[in-house]
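Asker: Need a 3D model of the following:
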Amino acid sequence: MKVRIVKKRKKSDIRDLIDDWEKQYGKLSSLNQKVLISKCSSPEKMTDYVLWKYLSLGTNFNDVIVVEDPYVFEVLSPKRAELLEYLMNNEVESIKKLADLLHRNYKNVYDDLRALSKYDMVELREAGRSLKPCSIISHLEVNFGE
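Answerer: This is a model prediction of the structure:
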């Protein structure tokens with residue numbers, strides 16, 4: 001059994017990645033020259049160049065995580081999966097609103113969100129006096145066949 005999770009990269013993560021490349025290589029054009037001179041003999045430089053080029057154009061960047069641990073379902077229960085699916089497709093302003101929409105108890109929804117946040121599947125952002133739950137992942141796929 002495999003669980004495939006696609007996580008959205010935050011804009012701040014992408015900015016940090018580009019900053020690291022600038023420290024390591026200078027400018028994008030400098031890295032381009034290094035890649036051309038080495039005739040792609042460095043796969044790491046080539047990967048950095050391609051990612052840097054497209055990220056600087058505003059392309060989205062996602063992480064794909066494949067989990068083959070059957071204990072993932074201790075965290076990803078059916079109720080949590082339902083909650084996560086709702087957050088992936090809808091925006092809500094607070095945990096209370098989410099609990100109301102899912103017809104669930106506030107405390108149970110809060111506990112589920114905390115568990116999912118420990119595994120970087122959701123984020124609880126401060127919104128005034130409440131917390132706004134947001135999905136960090138954009139796709140979740142469970143494969144029982146392989």
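
Asker: could you pull out the strands for this structure?
Answerer: Here the chain has its strands, by DSSP state E, at 2-8, 62-67, 122-127, 130-135, 137-143.

Asker: so what does the fourth one touch, helix or strand wise?
Answerer: When you say that, I think you mean strand 130-135. Identification of packing neighbours for strand 130-135 by 3 or more CB pairs under 8 Å, 6 or more residues apart in numbering; DSSP states H and E yields helix 78-89, helix 95-102, strand 122-127. Where C-beta positions appear, they are placed from N, C-alpha and C, glycine not excepted.

Asker: and E22, which of those is closest to it?
Answerer: Closest approach to E22 among the helices and strands packed on strand 130-135 is made by strand 122-127 (26.9 Å; CB to CB).

Asker: Packing partners of the closest one?
Answerer: Secondary-structure packing of strand 122-127 (3+ CB pairs under 8 Å, 6+ apart): helix 106-118, strand 130-135.

Asker: And the average pLDDT for stretch 34-50 is what?
Answerer: Across stretch 34-50, pLDDT averages out at 71.

Asker: Any stretches of this protein with poor pLDDT?
Answerer: 1-5, 37-42, 63-73, 142-146 (pLDDT under 70).

Asker: Kindly check the end-to-end length of stretch 111-131 for me.
Answerer: Chord length of stretch 111-131, first to last residue, is 13 Å (CA to CA, to the nearest Å).

Asker: Relative to the whole chain's centre, how far out is it?
Answerer: How far stretch 111-131 lies from its chain's middle: 14 Å, per CA atoms, centre = their mean, to the nearest Å.

Asker: who's in contact with that stretch?
Answerer: Stretch 111-131 has contacts (CB atoms under 8 Å, 6 or more residues apart in numbering) with 5, 7, 75, 77, 79-80, 83-84, 87, 93-96, 98, 132-137.

Asker: domain parsing for this protein?
Answerer: Domain ranges of the chain: 2-64, 69-143, per automatic domain parsing.
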